[in-house]
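Asker: Output the structure for:
(4 chains)
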Number of protein chains: 4
Amino acid sequence: MIKVGIIGVNGYAGGEVLRLLARHPQVEVAVVASRSQSGREIATCFPSMRGNKVGDLQIVPVDPTEFSGCDLVMLAVPHGVAAELAPVFLHQGKKVIDLGADFRFNDPLVYEDWYGIKHAAPDLLNEAVYGLPELYRAQIKEARLVGNPGCYPTSILLGTAPLLKNGLQEVELLIADSKSGVSGAGRSAKPELQYAEVEGDFKAYGLVRHRHVAEIEAVATAIAGREVRASFTPHLVPMVRGLFSTIHLVLKEEMTTAELIRVYQDFYQGEPFVTILPEPDLPQTKAVNYTNNCHISLRVDSRTKQLIILSALDNLLKGAAGQAIQNLNLMFGLEETLGLELVGIWP
Amino acid sequence: MIKVGIIGVNGYAGGEVLRLLARHPQVEVAVVASRSQSGREIATCFPSMRGNKVGDLQIVPVDPTEFSGCDLVMLAVPHGVAAELAPVFLHQGKKVIDLGADFRFNDPLVYEDWYGIKHAAPDLLNEAVYGLPELYRAQIKEARLVGNPGCYPTSILLGTAPLLKNGLQEVELLIADSKSGVSGAGRSAKPELQYAEVEGDFKAYGLVRHRHVAEIEAVATAIAGREVRASFTPHLVPMVRGLFSTIHLVLKEEMTTAELIRVYQDFYQGEPFVTILPEPDLPQTKAVNYTNNCHISLRVDSRTKQLIILSALDNLLKGAAGQAIQNLNLMFGLEETLGLELVGIWP
Amino acid sequence: MIKVGIIGVNGYAGGEVLRLLARHPQVEVAVVASRSQSGREIATCFPSMRGNKVGDLQIVPVDPTEFSGCDLVMLAVPHGVAAELAPVFLHQGKKVIDLGADFRFNDPLVYEDWYGIKHAAPDLLNEAVYGLPELYRAQIKEARLVGNPGCYPTSILLGTAPLLKNGLQEVELLIADSKSGVSGAGRSAKPELQYAEVEGDFKAYGLVRHRHVAEIEAVATAIAGREVRASFTPHLVPMVRGLFSTIHLVLKEEMTTAELIRVYQDFYQGEPFVTILPEPDLPQTKAVNYTNNCHISLRVDSRTKQLIILSALDNLLKGAAGQAIQNLNLMFGLEETLGLELVGIWP
Amino acid sequence: MIKVGIIGVNGYAGGEVLRLLARHPQVEVAVVASRSQSGREIATCFPSMRGNKVGDLQIVPVDPTEFSGCDLVMLAVPHGVAAELAPVFLHQGKKVIDLGADFRFNDPLVYEDWYGIKHAAPDLLNEAVYGLPELYRAQIKEARLVGNPGCYPTSILLGTAPLLKNGLQEVELLIADSKSGVSGAGRSAKPELQYAEVEGDFKAYGLVRHRHVAEIEAVATAIAGREVRASFTPHLVPMVRGLFSTIHLVLKEEMTTAELIRVYQDFYQGEPFVTILPEPDLPQTKAVNYTNNCHISLRVDSRTKQLIILSALDNLLKGAAGQAIQNLNLMFGLEETLGLELVGIWP
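Answerer: Numbering: from 1, shown residues only, chains lettered A, B, ... in the order given. Okay, the predicted model is just below:
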């Protein structure tokens, strides 16, 4: 059994890692830690885990000595904090997956520009692998340190990678209109996230300079082999989970929807968690929620010469905890789908 | 008192016309009609109207003789039906506002292409006025027959008119990503609109060829004085009301956000129902729901040379019944805001 | 015009008072105050009020000198605070309506027992009138100081008053199972009221000793003329507004549902805001939300000798701000329904 | 591997059986059938199952010859239909679990009184076992035919059984106020279950004579060994899943909350799916949803001599499909929790 510690277990991403690992046949959650909730039992943070073994786990403080028996530490902590913790655990010979932004960039200047703080461990950025298995599987298998992708970037990069990789887009600009359920905003109490404020409300936020722009552009540029710019607008949807991106691109040459679907299906051939939907089906968050799946559709609008790509995933699974476990499986040579063979819930 | 008849009163748009006119100081709802619900009382269709005078109204069949005392007939009926009813009422000397699509187009071929049926009253299309007061106020005041705009087109056209009118956009293409609450899909029972199916679900629909494309392009082209194409993607949001459009355009010349806000504020100077939000505010559906207001924000993304326009309104008010009453007021020489001086609800 | 000041305007009840008074033909909102939000504009607290005159109101600090021009002050503040403010305003010759609990009790000991603090103005308790117009209309008309009823007590007392008054119940026990939308819990940010925590969650709270028990028992006892005990269980429903009580009583003598409906209809004859539904109709929160109405149904279950009473209202209207305005109208000799002639919204 | 057929797979209960069995280590879903959806693939009925093996299952017509290889047939069909199908499958030597009401009663007259139709297989009623494992485990293990309990009765019977069994209640009357998410109303399209109608609406329905009364009374009477009457009021909550019962009983002798909790904990000692919450915790639907757990709390209100019992479960799991699989496990001598070791989801 691989022994895992989770830091920041009381948040939504940390709790989801715990929930999924509780049913993972090769992993034991050995330590759960939190800065603010130490001393409490998991079931008091997550009443849904009561009556289950993991519900009885005691939350410990964020103290590296607590993790001595762990093979891997999952960091579900605010950015900045992970950069401080990761070196300690790596030094102890453990592997680390950071669910935050600290290890998603190669260039510390880009990180500092968009996140507004100095990176505490810039030396690790070259070693850290961007944990998007569909694109970096080989590197992840060898990695000690994985920067788990953001939820928005995952949906947009999976939705555009086949096109970027094959050089099929005309201009360098990618327009992405993304919408997320509110669990993406985290668990700490904010006035604007109260039920009575969110219900019935659809809105945009973080215009023009949302931090995920930097991540999308850096990885898309790497995939395409030439500079890609993203005009990215995130929105908040009155629902708990689910993330949906509507992406606009211009094709270099005329192609039909059917031809493009074939390109995508070839690209994702054998991928366990990415499905290119056949016509006339379209993605919807309810079809991917509570699973590690990403559903993608494509439509060429020949009237306007636009390619419209739709991409849906669960922000807490393929957009966070599920992808982290997929990375864990790869890092330890396990079957990639272990603990993630989930059948989507309906209704 | 102006006497109004409502056909299709049992639907969401028809019911909203009734609800608003019930408090209009210069209008009396004289007749309410419905094909399927005739014989019932309004309060059995709308339990929220019980205990109010309008709750006791008896629904009559859709028979033109029932409307003899009316000055104006509001048609909240499926497309195709209005084209058959309107000539009858006009012939009787009444005015007509159609909340559906039958009188939004000048060209019957465009209508037939996108709606798939022959127009029953093509001769009236030249006379009919597109009921967007902010653009066609003078014509509406003289009109006998008004085609009330669609909800999506209203949000997109109000969001882009100042730009189109002033020739500030570079390319002819307008990209609009719109999201609507489910009341926009009407009241008749459909499996995919059941609560348990919609809750937690965000999805796109009607890709590439949603019927509102034709309406957006026709009016945008008229405003711009040159051909405008729309790449329009509608989405369904798990909420009852509210419509939000995220629009992308490319500016001809570099302008700042502040400059553009000034252009918009000038354009909508004195308009009672359109507000250009100051920075850093952004629109949200909860702020416009239950009012006839449209809130608009603009942001120039100089990095990607994109102009992003956000536009929010209540699909049943400014997107349907509210705008219809605004048109009614204009057609009868009343104060334009009568019956529409609504203070938005929170929470 | 009657000049009104509102203290605690930034909360849900205070904001609802403002929203309703903004359309009241005989009232001018002269001052809006808040401890935490002073200096801001109303529209920044309530984006839904932007574009409306009240949206431009400046929030002032809670300083009695600010209210010099007011005829009446509405207190929408935490319990304890109102007891300190009310004497000041009464002394200035103003009338006062307290939307909180400080002036709902005659007996300061009952207040202190259930609210856990000493009452700051016990001398005023004898003078204060319980603001339930259907029962205390005459006294309210003469009152300087009204204690506006709690939302749960309003629904339960309106639901049982005809029975209690006519001595038709057998035992002294009243069982009330009540359910409320989350706006009843106020606007301040609490972790357990975040959208992602509330959505999909139905739960009970405040078992056995919710503070409204004391209010229900005190008033029910006064109405019945003998001691009445309440077993009251409040629940939280994942919705914004609406309050629904299911009440169980035992009848002294056998009566049919039809007979009881007649008793209730007689009792509420002429009441503008209470409707006894005819069979087979039942109340629902959506039918009363956004109105000052209370809908009530009765069913005798002869098998179990139980009388089941259902009572629905909007917790922010008839359960708070609407009732406060009804009281204001009475206190100033205005038509009782002024500003409250609202047609319920659907959907 | 045990081979199972599911009839009525396209409904919410049938689909949930399929979803859970897809991950059951000892069961293979061999046949899925539906009257209305035969010929379609599962993934078109349940988009959430796309990309999973069960998503590719082909739905066959409801024809007994299709089930020849099955060891057990799960019936998720309307009442009346199961009574016709069950004898056929039993005759073929298969076991049968009916998720509907047809085999929950011993007395065909009670069934006919409350369901309004003649029972098609009254001879089987004596043999059929009521599938509530916590009370009838031994009999279920031996059963060929199990009548799976209703969702409301499961919550109420689990909540009261320790009391009834130990003869601790005073009067024969049990008052139960239950609230359910809308998935309990089934999947077929009904106007009153459309999203825009349900959202924001809390209401009661089926007063006095809901069919579950008969089931509650029959089983409660059997448990208590003397006649028990139920005054049962179901309510609809704007949420998809979850069922919550608030139960009132009068104790024969004075007992404290702590004493009663001990009685309940003893009674449910070793039960894998029933948890008696310690003080001060209270049940909530979000804590049991997507699991087979039932959470129960007790509070003695000494002021009013009432015992208040709160009981929460997921109507589709412990209230339907989960309990059916628990029964399946017992009927085939498997570990009772197989396929049901679910960790509750949050948020």
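Asker: Residues of the stretch 51-200 of chain A that sit close to chain D?
Answerer: Residues of the stretch 51-200 of chain A lying near chain D by C-beta under 8 Å from any C-beta of the partner chain: A:51-52, A:54, A:183, A:187. Bear in mind the C-beta positions are built from the backbone N, C-alpha and C, glycine included.
Asker: Try it again at 6 Å.
Answerer: Within the stretch 51-200 of chain A, the positions lying close to chain D (C-beta under 6 Å from any C-beta of the partner chain) are A:51-52, A:183.
Asker: Kindly report the same for the stretch 201-347 of chain A.
Answerer: A:240, A:275, A:287, A:293, A:343-347.
Asker: Now rank the residues you listed by neighbours and give me the top one.
Answerer: Among those, A:Ala287 has the most neighbours (other C-beta atoms under 10 Å in any protein chain shown), with 28 neighbours.
Asker: Give me the contacts around stretch A:89-109.
Answerer: A:13, A:70, A:72-76, A:79, A:82-83, A:86, A:111, A:119, A:122, A:125, A:128, A:130, A:144-148, A:215, A:320, A:324, A:327, A:331 (C-beta atoms under 6 Å, 6 or more residues apart in numbering or on different chains).
Asker: Only the buried subset of the residues you listed, as a PyMOL command please.
Answerer: Of the contacts of stretch A:89-109, the buried ones go into a single PyMOL selection, burial set by 16 or more other C-beta atoms under 10 Å in any protein chain shown:
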select buried, chain A and resi 13+70+72+73+74+75+76+79+82+83+86+111+119+125+128+130+144+145+146+147+148+215+320+324+327+331
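Asker: Among the contacts of stretch A:89-109, which are located in strands?
Answerer: A:72-75, A:130, A:145-147 (DSSP state E).
Asker: Next, the distance between the ends of stretch A:293-306.
Answerer: 26 Å (C-alpha to C-alpha, to the nearest Å).
Asker: Give me the contacts around it.
Answerer: Contacts of stretch A:293-306 (C-beta under 6 Å, 6+ apart): A:158-159, A:248, A:257, A:260-261, A:273-277, A:282-283, A:288, A:307-313, A:318, B:173, B:207-208, B:229, B:231, D:51.
Asker: That one: how far from the chain's middle?
Answerer: 23 Å (C-alpha atoms, centre = their mean, to the nearest Å).
Asker: Count the neighbours of the closest residue to A:Ala30 other than its chain neighbours for me.
Answerer: Residue nearest to A:Ala30 in three dimensions, not counting chain neighbours: A:Lys3, with 4.2 Å by C-beta to C-beta, 6 or more residues apart in numbering or on different chains. A:Lys3 sits with 17 neighbouring residues when counted by other C-beta under 10 Å.
Asker: now the one 4 residues further on
Answerer: Neighbour count of A:Ile7, defined by other C-beta under 10 Å: 28.
Asker: Who does it form a beta bridge with?
Answerer: Under DSSP bridges, the beta-bridge partners of A:Ile7 are A:Ala33, A:Leu75.
Asker: sorry, back to before: in the sheet, which residues pair with the residue nearest to A:Ala30? Tell me.
Answerer: For A:Lys3, the residues forming beta bridges with it (DSSP bridges) are A:Glu28.
Asker: Contact residues of the stretch 101-250 of chain A facing chain B?
Answerer: A:173, A:175, A:177, A:179, A:196, A:200-204, A:207-208, A:229, A:231, A:233, A:237-239, A:242, A:244, A:246, A:248.
Asker: which of the residues you listed are close to chain C?
Answerer: A:Ala196.
Asker: Check the residues of the stretch 101-250 of chain A next to chain B for burial and list the buried ones.
Answerer: A:173, A:175, A:177, A:179, A:196, A:200-204, A:207-208, A:229, A:231, A:233, A:237-239, A:242, A:244, A:246, A:248.
Asker: just checking, which of those belong to strands?
Answerer: A:173, A:175, A:177, A:179, A:203-204, A:229, A:231, A:233, A:237, A:244, A:246, A:248.
Asker: In terms of pLDDT, where does the residue nearest to A:Ala320 when sequence neighbours are not counted sit?
Answerer: Using C-beta to C-beta, 6+ apart and skipping residues adjacent in sequence, the residue nearest A:Ala320 is A:Ala13, 4.4 Å away. Note on A:Ala13: pLDDT of 98.
Asker: Over to A:Val208?
Answerer: pLDDT, read off for A:Val208, is 85.
Asker: Next, the nearest residue to it once chain neighbours are set aside: phi, psi?
Answerer: Closest residue to A:Val208 apart from its sequence neighbours, by C-beta to C-beta, 6+ apart: B:Asp301 at 4.6 Å. Main-chain dihedrals, B:Asp301, degrees, to the nearest 10: phi -100, psi 100.
Asker: Could you check how far B:Asp301 is from A:Asp281?
Answerer: Going from B:Asp301 to A:Asp281 by C-beta to C-beta, to the nearest Å gives 32 Å.
Asker: which one of the two has more residues nearby?
Answerer: Using other C-beta under 10 Å, the more surrounded residue of B:Asp301 and A:Asp281 is B:Asp301, with 20 against 16.
Asker: Kindly provide the distance from that one to C:Ala189.
Answerer: 31 Å.
Asker: mind saving the C-alpha coords of stretch A:139-147 as PDB?
Answerer: Extracted C-alpha coordinates of stretch A:139-147, given in PDB (Å, rounded to 0.1, in the frame of the first residue of the first chain):
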ATOM      1  CA  GLN A 139       7.300  12.800 -17.700                       C
ATOM      2  CA  ILE A 140       4.800  12.300 -14.900                       C
ATOM      3  CA  LYS A 141       5.800   8.700 -14.600                       C
ATOM      4  CA  GLU A 142       9.300   9.800 -13.700                       C
ATOM      5  CA  ALA A 143       8.400  12.800 -11.700                       C
ATOM      6  CA  ARG A 144       9.100  13.500  -8.000                       C
ATOM      7  CA  LEU A 145       7.100  16.700  -8.100                       C
ATOM      8  CA  VAL A 146       3.900  17.300 -10.100                       C
ATOM      9  CA  GLY A 147       2.100  20.600 -10.500                       C
END
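Asker: got a pLDDT number for A:Asn126?
Answerer: 95.
Asker: And the longest helix seen in chain A, what does it pack against?
Answerer: Secondary structure of chain A per DSSP state H: the longest helix is helix A:151-165. Contacts defined by 3 or more C-beta pairs under 6 Å, 6 or more residues apart in numbering or on different chains; DSSP states H and E place helix A:151-165 against helix A:212-224, strand A:243-250, helix A:257-267, strand A:306-313.
Asker: Which residues does the first one contact?
Answerer: Residues external to helix A:212-224 that are found in contact with it (C-beta under 6 Å, 6+ apart): A:104, A:110, A:114, A:150, A:152-153, A:156-157, A:161, A:164-165, A:227-228, A:230, A:232.
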